[in-house]
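Peer 1: Return a 3D structure for these sequence lines:
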Amino acid sequence: MASKLYVGGLPYATTSEGLRRHFAQCGTVESATVVTDRFSGQSRGFGFVEMSTEAEAKAAVEVLNGQMLEGRRLKVEMANPQASRSGGFRSGGFGGSRSGGFGGGKARAGRW
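Peer 2: Prediction:
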């Protein structure tokens with residue numbers, strides 16, 4: 001079963017393909033994604049790599065965590081499972097409305 005890794009501290013010029021090549025030294029890379037800004041398309045400096053086995057993922061953490069890549073020190077760790085994004089109170093979200101959930105209605109008139 002594939003294991004997902006979080007990779008922080010990426011140089012902003014790193015591409016998903018470059019990330020894949022860098023992690024291939026530790027085993028079979030199922031996927032590699034550099035997270036980019038939605039509007040500018042520029043890298044946000046982190047990404048995710050999915051290794052084909054848990055043993056390869058652990059090897060990648062041991063070998064690559066703290067290693068320098070283009071002048072930046074990588075932070076490699078097992079990724080936390082993604083939480084549900086439904087936003088309801090029972091699912092761990094904060095509820096509320098699209099306005100932020102903290103009021104969002106009309107401005108209140110002065111008290112006096």
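
Peer 1: Number of residues surrounding Glu30?
Peer 2: 15 (other Cβ atoms under 10 Å). In this view, the C-beta of every residue, glycine as well, is placed from N, C-alpha and C.

Peer 1: just Ala60 next, same as before
Peer 2: Considering only other Cβ under 10 Å, Ala60 is surrounded by 25 other residues.

Peer 1: I'd like the average pLDDT over the one helix or strand it maps to.
Peer 2: Assigned by DSSP states H and E, Ala60 belongs to helix 54-64. Taken as a whole, helix 54-64 has a mean pLDDT of 96.

Peer 1: packing partners for it?
Peer 2: Where contact means 3 or more Cβ pairs under 8 Å, 6 or more residues apart in numbering; DSSP states H and E, helix 54-64 is packed against strand 3-8, helix 16-23, strand 43-51, strand 75-78.

Peer 1: Can you say which of these is nearest to Val29?
Peer 2: helix 16-23 (5.0 Å; Cβ to Cβ).

Peer 1: Can you name every helix or strand that the least confident helix or strand in the chain by mean pLDDT contacts?
Peer 2: Within the chain, no helix or strand scores below strand 68-69, which has a mean of 93 by mean pLDDT, DSSP states H and E. Helices and strands touching strand 68-69, by 3+ Cβ pairs under 8 Å, 6+ apart: there are none.

Peer 1: Find the residue closest to the residue nearest the centre of the chain in space, skipping its chain neighbours.
Peer 2: Nearest residue to the geometric centre of the chain (Cα atoms, centre = their mean): Gly47, 5.3 Å. Of all residues not flanking Gly47 in the chain, Val34 sits nearest, at 4.1 Å (Cβ to Cβ, 6 or more residues apart in numbering).

Peer 1: and that neighbour, that one's in a strand?
Peer 2: Yes. Checked against DSSP: H, G, I helix; E, B strand; the rest coil, Val34 lies within a strand.

Peer 1: so it makes contact with Thr15?
Peer 2: Yes. Using Cβ atoms under 8 Å, Val34 is in contact with Thr15, at 6.3 Å.
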